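[1] Curious how this folds, go ahead:
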Amino acid sequence: MMLGPPVPTEPPRSILRRRQPPPITPLSPDICRRLPSEVIHIIIERIACFDVPTLRACSLVCKSWLPVSRWHLIPTVSLGSKNIKSFLRLLESPYSTISQSIHHVSIQSDSNAISHRKSRESRIYPLDLIVGLGAFPFTCDETLLRRLTRFPALTSLSFSWLREGLALPTSNALVQGFPGLTKIEFRTCTFTSFEQFTHMICALQNLRCLALMDVTWDDLRRSESPTHQALPPHLETLELYLSPIGHICTWIGDHSSDLEDLQTVNLCSAFWEDLDSMEIAWMLRRLGSKVKHLSLPWHLPEVDLSHHTELQTLRISHLWFKPIPDSPAEECFTAKGIQKTLLQLNSYQIRNIDFRVLTLFQLTENELGLDWEKMWKILSRKCFAQLQSITFGLSAYDKKLRFMLKKIWGGNRQMESIDDTRRHSRRSGRRLTRSQVDEVAQELTGAAL
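    Residues are numbered from 1 along each chain as shown. So this is what the prediction gives:
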């Protein structure tokens, strides 16, 4: 019996062999043209929140996808002594298209300066065009600001470490070149006069956020002109981290009626004097129910929180429990100060209260000294019916306070009103009637008076 030629067999396929990915077929130009631009914008905006590599790929699909993708990829530019010349040359190039997507420019003049905006957004936008700054002197003048007007989408400006200050021509160029600015931030900057600063801010009527950190003025005198300069009416956020602060608080308090949309006020400094505290208290009283989100380093004795009847969040950022003997502000740093703060609150919209204890103190339960029985009575007031959380940054106390809120107002921390339903605890079944709440409130009011 003769055997035929051997039949060739296929070599065994290894399951460990790397398979080739299927070929990627690009979208045809016809499909790209048929997709509405609104749909493309929605898709790319969703991708920008969590998938930067895909966002980069979207920027290379076609010319119509590039502007919206680049808007999220390169939202901010930092300019300093090392990159300012090369960047301005890039702007003057006829092939440059980057100016259409930049909406924040940060101008920094110190080699050790830290871009706080960069540290906050680098997790989401790793392609920010940030170039290291050198130790060479750098001046922000009107020529630079006029050349930055080539950014049609620019809505935010930040100035940091301008030791030479902002002269009057520079301020005028800022106002004339960026009338649609919505956010401006000054860090460690100097102005020729406080009057120059107020004129500049009042001229930017579209501002929504004003942030000042360690800003100084060579001349603090204010003009006595009878003409009224209105503050930006749509200003929503006011951040003041400077000392002295009294003069700017007086200016804002005098024109508080201009601020129609103000919601957030953040104040902080470790060097305030008694006069600063009084001016802060006067400004907050004039703002009154406009303030919905308030942050203070500690509860100043002069500040009365009862004027903020629409307050939603309160943050005390520098709380500590090592009172200095014979200190007039000792009550602000003790458990009695916390009770005083809570008793002053009468906003029925309060949602979150954050007492941030400084981490440099290792506190025990006895050192904090909270009277839990008094805390129970205070948190039983009607104005805390919508309170969702009260925290100290210490897990043991935060857990106790969460349990206390649940016992008083029940497990459902939604937007229900105590006038509509009675709260009860799911564990013990104990009910807190409206009459009991009224009795506690009357008792606390009489004790406060």
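[2] where does the protein have low pLDDT?
    1-22, 24-31, 110-139, 163-164, 223-228, 320-334, 359-368, 411-449 (pLDDT under 70).
[3] And the residue nearest the centre of it?
    Taking CA atoms, centre = their mean as the criterion, Thr237 is the residue nearest the geometric centre of the chain, at 8.3 Å.
[4] how close does that one sit to Lys336?
    32 Å (CB to CB, to the nearest Å). C-beta here means a position set from N, CA and C on the backbone, and glycine is covered the same way.
[5] do Trp251 as well
    If you go by CB to CB, the gap between Trp251 and Lys336 works out to 34 Å.
[6] If you count surrounding residues, which of the two has more?
    More crowded of Trp251 and Lys336, by other CB atoms under 10 Å: Trp251, with 17 against 14.
[7] Now for that one: which residues touch it?
    194, 198, 222 (CB atoms under 8 Å, 6 or more residues apart in numbering).
[8] Quick check: the last one touching His199?
    Right, the one you point to is Arg222. No - using CB atoms under 8 Å, Arg222 is not in contact with His199; the gap is 10.9 Å.
[9] Looking at this protein, which strand is longest?
    strand 156-166 (DSSP state E).
[10] by contact count, what packs against that strand?
    strand 104-108, strand 183-191 (3 or more CB pairs under 8 Å, 6 or more residues apart in numbering; DSSP states H and E).
[11] will you turn the ones you listed into CSV that also has distance to Glu310?
    Below are the helices and strands packed on strand 156-166 laid out as CSV (distance: least, CB to CB, whole Å):
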stretch, distance to Glu310
strand 104-108, 31
strand 183-191, 24
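[12] Same list (the ones you listed) but as TSV, adding mean neighbour count and distance to Leu148.
    Output for these, formatted as TSV (neighbours: other CB atoms under 10 Å; distance: least, CB to CB, whole Å):
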stretch	mean neighbour count	distance to Leu148
strand 104-108	21	6
strand 183-191	20	13
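[13] Could you tell me the phi and psi values at Ile353?
    Note on Ile353: backbone dihedrals following degrees, to the nearest 10 are phi -130, psi 130.
[14] now it: how far from Leu220?
    Taking CB to CB, one finds Ile353 at 35 Å from Leu220.
[15] Can you name the helix or strand that Ile40 falls in?
    Ile40 belongs to helix 37-48 when assigned by DSSP states H and E.
[16] What residues does Gln196 make contact with?
    Contacts of Gln196 (CB under 8 Å, 6+ apart): 168, 171.
[17] I'd guess it is in a helix, am I close?
    Yes - counting by DSSP: H, G, I helix; E, B strand; the rest coil, Gln196 falls inside a helix.
[18] So for Ile353 and Leu220, which residue has more residues nearby?
    Ile353 (23 against 13).
[19] so that one makes contact with Gln388?
    No - counting by CB under 8 Å, Gln388 is not a contact partner of Ile353; they are 9.4 Å apart.
[20] if I read this right, Glu310 contacts Ser347, doesn't it?
    Yes - using CB under 8 Å, Glu310 is in contact with Ser347, at 6.0 Å.
[21] So for the two, which sits in the more crowded spot?
    Between Glu310 and Ser347, counted using other CB under 10 Å, the more crowded position is Ser347 (21 against 14).
[22] now the spatially closest residue to Thr198 that is not a sequence neighbour, what's its secondary structure?
    Excluding the flanking residues, the one nearest Thr198 by CB to CB, 6 or more residues apart in numbering is Trp251, at 6.3 Å. Here Trp251 is recorded as helix under three-state DSSP.
[23] Tyr241 versus Trp251, what's the distance?
    Taking CB to CB, one finds Trp251 at 17 Å from Tyr241.
[24] Same check on Lys183?
    Distance from Lys183 to Tyr241, by CB to CB: 16 Å.
[25] Now do the contacts for Asp218.
    Neighbours of Asp218 in contact, by CB under 8 Å, 6+ apart: 165, 190-193.
[26] Tell me the one among the residues you listed nearest to Ser289.
    Phe191 (31.7 Å; CB to CB).
[27] and the closest one, what does it touch?
    Neighbouring residues of Phe191 by CB under 8 Å, 6+ apart: 165-166, 171, 197, 215-218.
[28] repeat for Leu240
    If a contact means CB under 8 Å, 6+ apart, then Leu240 has 212, 248-249, 266-268 as its contacts.
[29] before we move on, the earlier item: of the helices and strands packed on strand 156-166, give the one that comes closest to Lys382.
    strand 183-191 (37.7 Å).
[30] For the contacts of Trp251, could you give me a markdown table that also reports neighbour count and distance to Trp272?
    As requested, the contacts of Trp251 are exported to a markdown table (neighbours: other CB atoms under 10 Å; distance: CB to CB, whole Å):
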| residue | neighbour count | distance to Trp272 |
| --- | --- | --- |
| Phe194 | 20 | 18 |
| Thr198 | 19 | 21 |
| Arg222 | 14 | 20 |
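[31] need those in TSV with distance to Ile102, can you?
    Listed next are those as TSV, based on distance: CB to CB, whole Å:
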residue	distance to Ile102
Phe194	31
Thr198	28
Arg222	35
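[32] Name the residues of the helix holding Ile40 that are buried.
    40, 44, 47-48 (16 or more other CB atoms under 10 Å).
[33] Kindly export the very next helix or strand once past it (C-alpha atoms) in CSV.
    Next helix or strand after helix 37-48 toward the C-terminus (DSSP H and E): helix 52-58. Output of helix 52-58 as CSV, limited to C-alpha atoms (Å, rounded to 0.1, in the frame of the first residue of the first chain):
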residue,chain,number,x,y,z
VAL,A,52,-7.8,63.2,27.7
PRO,A,53,-6.2,60.7,25.2
THR,A,54,-9.5,60.4,23.3
LEU,A,55,-9.8,64.2,23.4
ARG,A,56,-6.4,64.5,21.7
ALA,A,57,-7.5,62.0,19.1
CYS,A,58,-10.7,64.1,18.5
